[in-house]
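*Asks:* my questions are about this predicted structure, shown below with the sequence.
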Amino acid sequence: MDFSLDESAQAIGDLAGQVIGDASTHERLRELEKSDDPRFDRDLWASLATTGVLGAFVPEAHGGAGLDLVALGAVLEHAGRSAAAVPLWETLGLGLPAIAQFAPEALAASVLPGVADGSTVLTAAWHEDGGEPLMPTTEAARTDDGWQLTGTKICVPAGAIADAVLVPAAVEGGSVGLFLVRTDAEGVGIEPLTTTLGDPQAAVLLAMTPAELVAEGHDSVRWAYERAVSTQCALAVGVVARALELTAEYTKERKQFDVPIASFQAVAHRAADSFIDTEAVRLTAKQALWRLSVDMPASAEVATAKYWAAFGGQRVVHTAQHLHGGVGVDRDYPLHRYFLSAKEIELQLGGTTRQLLALGDIIADELV
(Lines give C-alpha, C1' and ligand atoms only; values in the text may rest on other atoms or scores of the structure.)
Protein backbone atom coordinates (compact mmCIF):
# COMPACT_ATOMS: atom_id res chain seq x y z
CA MET A 1 0.00 0.00 0.00
CA ASP A 2 1.19 3.48 -0.88
CA PHE A 3 -0.65 6.30 0.86
CA SER A 4 1.56 9.07 -0.48
CA LEU A 5 0.05 11.54 -2.92
CA ASP A 6 1.49 11.82 -6.39
CA GLU A 7 2.20 15.23 -7.87
CA SER A 8 -1.27 15.66 -9.39
CA ALA A 9 -3.10 14.60 -6.24
CA GLN A 10 -0.95 16.84 -4.06
CA ALA A 11 -1.52 19.78 -6.38
CA ILE A 12 -5.29 19.43 -6.54
CA GLY A 13 -5.45 18.92 -2.78
CA ASP A 14 -3.42 22.07 -2.13
CA LEU A 15 -5.51 24.06 -4.61
CA ALA A 16 -8.78 22.86 -3.10
CA GLY A 17 -7.52 23.63 0.39
CA GLN A 18 -6.69 27.19 -0.58
CA VAL A 19 -9.95 27.86 -2.43
CA ILE A 20 -12.17 26.25 0.19
CA GLY A 21 -10.27 27.61 3.16
CA ASP A 22 -10.27 31.20 1.90
CA ALA A 23 -14.03 31.13 1.27
CA SER A 24 -15.20 29.13 4.30
CA THR A 25 -14.42 31.51 7.11
CA HIS A 26 -16.46 31.28 10.28
CA GLU A 27 -18.06 34.62 9.48
CA ARG A 28 -19.04 33.54 5.97
CA LEU A 29 -20.53 30.28 7.23
CA ARG A 30 -22.51 32.12 9.92
CA GLU A 31 -23.87 34.44 7.23
CA LEU A 32 -25.07 31.44 5.20
CA GLU A 33 -26.51 29.70 8.25
CA LYS A 34 -28.51 32.74 9.32
CA SER A 35 -30.10 33.19 5.89
CA ASP A 36 -33.36 31.61 4.79
CA ASP A 37 -31.68 29.98 1.80
CA PRO A 38 -30.20 26.46 1.71
CA ARG A 39 -26.71 26.09 3.19
CA PHE A 40 -25.04 26.32 -0.20
CA ASP A 41 -22.25 28.76 -1.04
CA ARG A 42 -22.84 29.23 -4.76
CA ASP A 43 -19.89 31.62 -5.08
CA LEU A 44 -17.52 29.01 -3.68
CA TRP A 45 -19.05 26.35 -5.95
CA ALA A 46 -18.40 28.58 -8.95
CA SER A 47 -14.80 29.11 -7.79
CA LEU A 48 -14.27 25.36 -7.50
CA ALA A 49 -15.46 25.05 -11.09
CA THR A 50 -13.38 27.87 -12.54
CA THR A 51 -10.21 26.72 -10.75
CA GLY A 52 -10.65 23.20 -12.11
CA VAL A 53 -11.25 21.41 -8.82
CA LEU A 54 -14.60 19.97 -9.92
CA GLY A 55 -13.35 19.02 -13.37
CA ALA A 56 -10.29 17.28 -11.96
CA PHE A 57 -12.36 14.17 -11.25
CA VAL A 58 -14.41 14.10 -14.45
CA PRO A 59 -13.02 11.66 -17.05
CA GLU A 60 -10.81 13.19 -19.70
CA ALA A 61 -13.30 12.19 -22.41
CA HIS A 62 -15.79 14.62 -20.87
CA GLY A 63 -13.53 17.59 -20.29
CA GLY A 64 -11.86 16.68 -17.02
CA ALA A 65 -8.53 15.37 -15.74
CA GLY A 66 -9.70 11.93 -14.58
CA LEU A 67 -7.94 11.94 -11.20
CA ASP A 68 -8.51 8.99 -8.88
CA LEU A 69 -10.13 8.39 -5.48
CA VAL A 70 -6.92 9.06 -3.58
CA ALA A 71 -6.78 12.57 -5.03
CA LEU A 72 -10.48 13.02 -4.34
CA GLY A 73 -9.86 12.02 -0.74
CA ALA A 74 -7.33 14.85 -0.41
CA VAL A 75 -9.91 17.37 -1.65
CA LEU A 76 -12.71 16.04 0.53
CA GLU A 77 -10.49 16.18 3.61
CA HIS A 78 -10.17 19.93 3.07
CA ALA A 79 -13.94 20.21 2.66
CA GLY A 80 -14.40 18.46 6.00
CA ARG A 81 -11.78 20.61 7.74
CA SER A 82 -13.48 23.80 6.57
CA ALA A 83 -17.10 22.66 7.08
CA ALA A 84 -17.54 23.97 3.54
CA ALA A 85 -21.09 24.76 2.44
CA VAL A 86 -20.79 23.07 -0.95
CA PRO A 87 -21.93 19.61 -2.17
CA LEU A 88 -18.44 18.32 -2.98
CA TRP A 89 -18.89 14.88 -1.48
CA GLU A 90 -22.41 14.57 -2.82
CA THR A 91 -21.40 15.43 -6.39
CA LEU A 92 -17.93 13.88 -6.61
CA GLY A 93 -18.31 10.96 -4.20
CA LEU A 94 -21.97 9.96 -4.41
CA GLY A 95 -22.95 10.81 -7.96
CA LEU A 96 -19.93 11.03 -10.23
CA PRO A 97 -18.07 7.69 -9.84
CA ALA A 98 -20.88 5.37 -10.95
CA ILE A 99 -21.87 7.59 -13.87
CA ALA A 100 -18.26 7.83 -15.05
CA GLN A 101 -17.77 4.07 -14.69
CA PHE A 102 -21.03 2.57 -15.94
CA ALA A 103 -23.29 5.05 -17.71
CA PRO A 104 -23.88 4.78 -21.46
CA GLU A 105 -21.87 7.31 -23.42
CA ALA A 106 -24.85 9.50 -24.27
CA LEU A 107 -25.94 9.70 -20.64
CA ALA A 108 -22.44 10.44 -19.39
CA ALA A 109 -22.00 13.13 -22.03
CA SER A 110 -25.21 14.83 -20.92
CA VAL A 111 -24.18 14.98 -17.26
CA LEU A 112 -20.43 15.03 -16.70
CA PRO A 113 -19.51 18.26 -18.53
CA GLY A 114 -22.00 20.04 -16.27
CA VAL A 115 -20.20 18.67 -13.23
CA ALA A 116 -16.92 20.07 -14.51
CA ASP A 117 -18.30 23.56 -15.17
CA GLY A 118 -20.32 23.68 -11.93
CA SER A 119 -23.75 23.81 -13.56
CA THR A 120 -24.77 20.33 -12.36
CA VAL A 121 -25.04 19.19 -8.75
CA LEU A 122 -25.28 15.44 -8.26
CA THR A 123 -26.14 13.24 -5.31
CA ALA A 124 -27.32 9.71 -4.55
CA ALA A 125 -30.34 8.44 -2.64
CA TRP A 126 -29.27 5.39 -0.62
CA HIS A 127 -31.66 5.65 2.32
CA GLU A 128 -35.23 4.44 2.67
CA ASP A 129 -37.42 4.24 5.75
CA GLY A 130 -36.27 1.05 7.45
CA GLY A 131 -34.49 -0.22 4.35
CA GLU A 132 -31.00 -1.53 3.68
CA PRO A 133 -28.87 0.54 1.28
CA LEU A 134 -27.98 -2.49 -0.84
CA MET A 135 -31.51 -3.90 -0.83
CA PRO A 136 -33.74 -1.02 -2.01
CA THR A 137 -37.52 -1.25 -1.99
CA THR A 138 -37.93 1.53 -4.53
CA GLU A 139 -39.12 -0.26 -7.66
CA ALA A 140 -37.92 0.13 -11.23
CA ALA A 141 -40.29 -0.92 -14.03
CA ARG A 142 -39.49 -1.22 -17.72
CA THR A 143 -41.56 0.81 -20.12
CA ASP A 144 -41.64 1.20 -23.88
CA ASP A 145 -39.51 4.32 -23.51
CA GLY A 146 -37.09 3.08 -20.84
CA TRP A 147 -37.66 2.94 -17.08
CA GLN A 148 -39.92 4.37 -14.39
CA LEU A 149 -39.23 4.47 -10.64
CA THR A 150 -41.70 4.42 -7.78
CA GLY A 151 -40.73 4.80 -4.15
CA THR A 152 -39.52 7.20 -1.48
CA LYS A 153 -35.93 8.02 -0.62
CA ILE A 154 -35.21 9.87 2.62
CA CYS A 155 -32.33 11.96 3.96
CA VAL A 156 -30.86 12.51 0.50
CA PRO A 157 -27.72 14.65 0.93
CA ALA A 158 -27.97 17.87 -1.10
CA GLY A 159 -31.34 16.61 -2.33
CA ALA A 160 -32.86 20.09 -2.07
CA ILE A 161 -30.32 21.59 -4.49
CA ALA A 162 -29.39 18.64 -6.73
CA ASP A 163 -30.04 18.60 -10.46
CA ALA A 164 -29.88 14.81 -10.73
CA VAL A 165 -30.00 11.93 -8.25
CA LEU A 166 -28.44 8.48 -8.54
CA VAL A 167 -31.11 6.09 -7.27
CA PRO A 168 -30.60 2.41 -6.38
CA ALA A 169 -33.81 0.50 -7.10
CA ALA A 170 -35.13 -3.04 -7.21
CA VAL A 171 -35.64 -4.58 -10.63
CA GLU A 172 -38.17 -7.31 -11.38
CA GLY A 173 -36.63 -10.75 -11.06
CA GLY A 174 -34.60 -10.08 -7.93
CA SER A 175 -31.98 -7.82 -9.44
CA VAL A 176 -31.13 -4.22 -8.58
CA GLY A 177 -29.96 -1.27 -10.61
CA LEU A 178 -28.62 2.25 -10.49
CA PHE A 179 -30.77 4.87 -12.18
CA LEU A 180 -30.35 8.58 -12.80
CA VAL A 181 -33.37 10.74 -12.05
CA ARG A 182 -33.47 14.38 -13.09
CA THR A 183 -35.06 16.40 -10.31
CA ASP A 184 -37.13 18.40 -12.80
CA ALA A 185 -38.64 15.23 -14.31
CA GLU A 186 -42.35 14.47 -14.17
CA GLY A 187 -43.36 12.55 -11.05
CA VAL A 188 -40.53 13.82 -8.83
CA GLY A 189 -41.35 15.40 -5.49
CA ILE A 190 -38.62 17.13 -3.47
CA GLU A 191 -39.40 17.75 0.20
CA PRO A 192 -36.61 19.77 1.91
CA LEU A 193 -35.75 18.51 5.38
CA THR A 194 -34.76 20.52 8.42
CA THR A 195 -31.50 19.14 9.79
CA THR A 196 -29.40 20.00 12.82
CA LEU A 197 -26.45 20.90 10.59
CA GLY A 198 -28.64 22.94 8.26
CA ASP A 199 -27.41 21.16 5.13
CA PRO A 200 -29.91 20.93 2.24
CA GLN A 201 -31.11 17.37 2.66
CA ALA A 202 -34.43 16.29 1.19
CA ALA A 203 -36.82 13.43 0.79
CA VAL A 204 -37.20 12.43 -2.86
CA LEU A 205 -40.63 11.10 -3.79
CA LEU A 206 -40.87 9.10 -7.00
CA ALA A 207 -44.20 8.28 -8.66
CA MET A 208 -43.75 6.50 -11.99
CA THR A 209 -40.85 8.85 -12.59
CA PRO A 210 -38.85 8.56 -15.83
CA ALA A 211 -35.30 7.40 -15.13
CA GLU A 212 -32.19 6.52 -17.10
CA LEU A 213 -30.40 3.25 -16.43
CA VAL A 214 -26.80 3.69 -15.33
CA ALA A 215 -26.02 0.07 -14.46
CA GLU A 216 -27.84 -3.12 -13.50
CA GLY A 217 -26.74 -5.83 -11.08
CA HIS A 218 -25.77 -6.29 -7.44
CA ASP A 219 -22.07 -5.89 -8.21
CA SER A 220 -22.49 -2.43 -9.73
CA VAL A 221 -24.68 -1.27 -6.83
CA ARG A 222 -22.08 -2.47 -4.29
CA TRP A 223 -19.36 -0.83 -6.39
CA ALA A 224 -21.13 2.54 -6.10
CA TYR A 225 -21.92 2.05 -2.40
CA GLU A 226 -18.32 1.32 -1.46
CA ARG A 227 -17.10 4.43 -3.21
CA ALA A 228 -19.81 6.49 -1.54
CA VAL A 229 -18.74 5.21 1.88
CA SER A 230 -14.99 5.51 1.35
CA THR A 231 -15.20 9.09 0.08
CA GLN A 232 -17.42 9.96 3.03
CA CYS A 233 -14.68 8.63 5.29
CA ALA A 234 -12.23 11.05 3.64
CA LEU A 235 -14.63 13.85 4.56
CA ALA A 236 -14.65 12.51 8.13
CA VAL A 237 -10.85 12.76 8.30
CA GLY A 238 -11.06 16.52 7.85
CA VAL A 239 -13.92 16.86 10.33
CA VAL A 240 -12.19 15.05 13.19
CA ALA A 241 -8.76 16.53 12.46
CA ARG A 242 -10.10 20.07 12.71
CA ALA A 243 -12.11 19.28 15.84
CA LEU A 244 -8.93 17.95 17.45
CA GLU A 245 -6.97 21.05 16.40
CA LEU A 246 -9.60 23.36 17.89
CA THR A 247 -9.48 21.36 21.12
CA ALA A 248 -5.70 21.50 21.32
CA GLU A 249 -5.71 25.26 20.74
CA TYR A 250 -8.43 25.87 23.32
CA THR A 251 -6.98 23.69 26.09
CA LYS A 252 -3.59 25.41 25.74
CA GLU A 253 -5.22 28.83 26.20
CA ARG A 254 -7.96 28.06 28.75
CA LYS A 255 -6.61 28.32 32.28
CA GLN A 256 -7.78 27.04 35.64
CA PHE A 257 -5.79 27.60 38.82
CA ASP A 258 -3.54 29.84 36.68
CA VAL A 259 -2.34 26.97 34.46
CA PRO A 260 -3.54 25.78 31.05
CA ILE A 261 -6.02 22.94 31.36
CA ALA A 262 -3.99 21.04 28.76
CA SER A 263 -1.50 20.36 31.56
CA PHE A 264 -4.10 18.43 33.58
CA GLN A 265 -3.57 14.69 33.31
CA ALA A 266 -7.23 13.86 32.64
CA VAL A 267 -7.41 16.42 29.83
CA ALA A 268 -4.13 15.21 28.32
CA HIS A 269 -5.31 11.59 28.36
CA ARG A 270 -8.56 12.42 26.58
CA ALA A 271 -6.73 14.52 24.00
CA ALA A 272 -4.27 11.66 23.42
CA ASP A 273 -7.13 9.22 22.87
CA SER A 274 -8.64 11.66 20.36
CA PHE A 275 -5.34 11.83 18.50
CA ILE A 276 -5.26 8.03 18.25
CA ASP A 277 -8.87 7.95 17.04
CA THR A 278 -8.15 10.65 14.46
CA GLU A 279 -5.19 8.71 13.08
CA ALA A 280 -7.33 5.56 12.93
CA VAL A 281 -9.96 7.41 10.90
CA ARG A 282 -7.24 8.80 8.62
CA LEU A 283 -5.34 5.57 7.98
CA THR A 284 -8.37 3.33 7.46
CA ALA A 285 -9.92 5.87 5.07
CA LYS A 286 -6.72 6.08 3.04
CA GLN A 287 -6.44 2.30 2.91
CA ALA A 288 -9.98 1.94 1.58
CA LEU A 289 -9.55 4.70 -1.01
CA TRP A 290 -6.22 3.33 -2.21
CA ARG A 291 -7.50 -0.22 -2.65
CA LEU A 292 -10.56 0.99 -4.54
CA SER A 293 -8.46 3.28 -6.73
CA VAL A 294 -6.39 0.32 -7.93
CA ASP A 295 -9.44 -1.97 -8.28
CA MET A 296 -8.51 -4.30 -5.43
CA PRO A 297 -11.21 -6.01 -3.33
CA ALA A 298 -11.94 -3.60 -0.49
CA SER A 299 -15.23 -4.57 1.17
CA ALA A 300 -13.55 -5.30 4.52
CA GLU A 301 -11.42 -2.17 4.32
CA VAL A 302 -14.42 0.03 3.48
CA ALA A 303 -16.42 -1.39 6.41
CA THR A 304 -13.42 -0.88 8.70
CA ALA A 305 -12.98 2.71 7.56
CA LYS A 306 -16.66 3.49 8.08
CA TYR A 307 -16.59 1.87 11.52
CA TRP A 308 -13.76 4.18 12.58
CA ALA A 309 -15.35 7.22 10.96
CA ALA A 310 -18.53 6.49 12.94
CA PHE A 311 -17.13 5.22 16.24
CA GLY A 312 -13.83 7.07 16.40
CA GLY A 313 -15.33 10.21 14.93
CA GLN A 314 -17.94 10.41 17.65
CA ARG A 315 -15.34 9.90 20.36
CA VAL A 316 -13.26 12.76 18.99
CA VAL A 317 -16.06 15.30 18.75
CA HIS A 318 -17.58 14.34 22.10
CA THR A 319 -14.20 14.85 23.73
CA ALA A 320 -13.90 18.18 21.93
CA GLN A 321 -17.26 19.32 23.28
CA HIS A 322 -16.47 18.17 26.83
CA LEU A 323 -13.06 19.85 26.95
CA HIS A 324 -14.47 23.10 25.55
CA GLY A 325 -17.21 23.22 28.18
CA GLY A 326 -19.89 25.81 27.49
CA VAL A 327 -17.87 27.38 24.68
CA GLY A 328 -18.36 24.25 22.59
CA VAL A 329 -22.11 24.72 22.22
CA ASP A 330 -21.93 28.40 21.30
CA ARG A 331 -22.82 28.80 17.62
CA ASP A 332 -20.61 31.86 17.47
CA TYR A 333 -17.72 29.39 17.91
CA PRO A 334 -17.04 26.92 15.08
CA LEU A 335 -16.87 23.63 16.99
CA HIS A 336 -20.58 22.85 16.71
CA ARG A 337 -20.27 22.33 12.94
CA TYR A 338 -17.78 19.51 13.40
CA PHE A 339 -19.87 17.80 16.08
CA LEU A 340 -22.95 17.89 13.84
CA SER A 341 -21.01 16.82 10.75
CA ALA A 342 -19.54 13.86 12.62
CA LYS A 343 -23.02 12.84 13.80
CA GLU A 344 -24.36 12.90 10.23
CA ILE A 345 -21.40 10.88 8.98
CA GLU A 346 -21.92 8.36 11.77
CA LEU A 347 -25.51 7.69 10.77
CA GLN A 348 -25.41 8.04 6.97
CA LEU A 349 -24.74 4.92 4.87
CA GLY A 350 -24.75 2.64 7.90
CA GLY A 351 -23.31 3.17 11.37
CA THR A 352 -21.10 1.04 13.61
CA THR A 353 -23.49 -1.90 13.98
CA ARG A 354 -23.98 -2.26 10.22
CA GLN A 355 -20.23 -2.18 9.64
CA LEU A 356 -19.50 -4.75 12.33
CA LEU A 357 -22.18 -7.05 10.89
CA ALA A 358 -20.63 -6.64 7.44
CA LEU A 359 -17.20 -7.50 8.80
CA GLY A 360 -18.65 -10.51 10.59
CA ASP A 361 -20.15 -11.77 7.35
CA ILE A 362 -16.83 -11.31 5.54
CA ILE A 363 -14.93 -13.22 8.26
CA ALA A 364 -17.53 -16.02 8.28
CA ASP A 365 -17.33 -16.36 4.49
CA GLU A 366 -13.54 -16.63 4.67
CA LEU A 367 -13.78 -19.47 7.20
CA VAL A 368 -16.12 -21.56 5.05
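*Replies:* Received, thanks. Residues are numbered from 1 along each chain as shown.

*Asks:* any buried residues in the longest helix seen in the chain, and which?
*Replies:* When the chain is parsed with DSSP state H, its longest helix is helix 218-253. Across helix 218-253, burial judged by 16 or more other CB atoms under 10 Å covers 220-221, 223-244, 246-248, 250-251. No exception for glycine: its C-beta is placed from N, CA and C like everyone else's.

*Asks:* go on, stretch 327-343?
*Replies:* Those would be G328, P334, L335, H336, R337, Y338, F339, L340, S341, A342, K343, for stretch 327-343 by 16+ other CB under 10 Å.

*Asks:* please apply the same query to stretch 110-117.
*Replies:* Residues of stretch 110-117 classed as buried: S110, V111, L112, P113, G114, V115, A116 (neighbour count, 16+ other CB under 10 Å).

*Asks:* same deal with stretch 145-153?
*Replies:* By neighbour count on 16+ other CB under 10 Å, the buried set for stretch 145-153 is W147, Q148, L149, T150, G151, T152, K153.

*Asks:* now the two most distant members of those residues.
*Replies:* W147 and T152 (17.2 Å; CB to CB).

*Asks:* can you tell me the centre-most residue of the chain?
*Replies:* Nearest to the geometric centre of the chain sits Q232, at 3.5 Å (CA atoms, centre = their mean).

*Asks:* per-residue pLDDT, that one?
*Replies:* pLDDT recorded at Q232 is 98.

*Asks:* kindly report the same for F3.
*Replies:* For F3, pLDDT reads 69.

*Asks:* which stretches of the chain have low pLDDT?
*Replies:* 1-3, 368 (pLDDT under 70).

*Asks:* what segments of it are strands?
*Replies:* According to DSSP state E, the chain carries its strands in the segments 122-124, 139-143, 146-156, 164-171, 175-182, 188-192, 202-216, 255-256, 259-260.

*Asks:* A141: neighbour count?
*Replies:* Neighbours of A141 under the rule other CB atoms under 10 Å: 13.

*Asks:* all helices for the stretch 251-368 of the chain, in order.
*Replies:* Applying DSSP state H, counting those that start in this stretch to the stretch 251-368 of the chain gives helices spanning 265-293, 299-324, 335-347, 352-367.

*Asks:* tell me which of the buried residues of stretch 110-117 is nearest to F275?
*Replies:* The closest of the buried residues of stretch 110-117, once distances to F275 are taken by CB to CB, is V115, at 36.1 Å.

*Asks:* thought that closest one was touching T91?
*Replies:* Yes - applying CB atoms under 8 Å as the test, V115 and T91 come out as touching, 6.2 Å apart.

*Asks:* overlap of the contact sets of those two?
*Replies:* Common neighbours of V115 and T91, counting by CB atoms under 8 Å, 6 or more residues apart in numbering, are L54, L122.

*Asks:* from the buried residues of stretch 110-117, which is closest to D199?
*Replies:* Closest approach to D199 among these (CB to CB): V115, at 19.3 Å.

*Asks:* which non-adjacent residue is nearest the closest one?
*Replies:* V58 (5.5 Å; CB to CB, 6 or more residues apart in numbering).

*Asks:* and that neighbour, how many neighbours does it have?
*Replies:* By the measure other CB under 10 Å, the count of residues near V58 is 25.

*Asks:* residue contacts, it?
*Replies:* By CB under 8 Å, 6+ apart, the contact list for V58 reads G64, A65, G66, L96, A100, L112, P113, V115, A116.

*Asks:* same question for W223.
*Replies:* By CB under 8 Å, 6+ apart, W223 lies in contact with A98, Q101.
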